[in-house]
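Q: below is the sequence, then the predicted model.
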Amino acid sequence: MQTSTEKVPGCDECGHTFRKIALLIITGRIKAKELVARDGRDLWDGLTQRYGVRKSARHGGSWHRRMMDVITEYFEKQGFEVIPEPFLSKGRADLGVYKDDYIDLFVEVGTTSAHKLWWNLQMLTNSKILLVSDERHVIEFTCRDDQCDMLRSPQLKRATIN
């Protein structure tokens, strides 16, 4: 879902921003992968049940805070450092997930600005952006490397959800 706190004329108010994101995918400048939990499970090792996410109203302040807690605990259990609200090329992400020898991961929980996403997909290098729409659906974007190529390096490990 898209939201905008700062309207960008010609970007957040029209469908062309989504077309621009699609062009980044089609031209190979970024990769996109949808992850969907199956069989009534979540993507976070059952942590959403422990935090009572399913009992809360989705996409409200309480849901957002609980999902951020779930994601933080999920990655911290794997030895990652999780920083709230790291700066991006444009704006801030909800969470930054870091570990030596791993690609930086920036997490957006719930709604985000389409223009901010498009801008950061173009400008960020050697990183991933994870859009968490709910506890069972995620879209993972892989941003290009410093040479404007897709990441191909086998030595860089991925911070991913299982």
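A: Done, it's in.
Q: which helix of this protein spans the most residues?
A: If you go by DSSP state H, the chain has its longest helix at helix 61-77.
Q: for that helix, packing partners?
A: Contact here means 3 or more Cβ pairs under 8 Å, 6 or more residues apart in numbering; DSSP states H and E; on that basis helix 61-77 packs against helix 47-50, strand 81-84, strand 95-98, strand 104-109. In this view, the C-beta of every residue, glycine as well, is placed from N, C-alpha and C.
Q: same list (these) but as a markdown table, adding mean pLDDT.
A: Shown next, in a markdown table, are the helices and strands packed on helix 61-77 (pLDDT from 0 to 100):
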| stretch | mean pLDDT |
| --- | --- |
| helix 47-50 | 78 |
| strand 81-84 | 97 |
| strand 95-98 | 97 |
| strand 104-109 | 96 |
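Q: out of these, flag the one nearest residue 120.
A: Closest of these to residue 120 is strand 104-109, at 7.6 Å (criterion: Cβ to Cβ).
Q: next, the angle from the lengthiest strand in the chain to strand 104-109.
A: As assigned by DSSP state E, the longest strand anywhere in the chain is strand 127-134. Here the directions of strand 127-134 and strand 104-109 differ by 20 degrees (axes from the mean of the first three to the mean of the last three Cα atoms, to 10 degrees).
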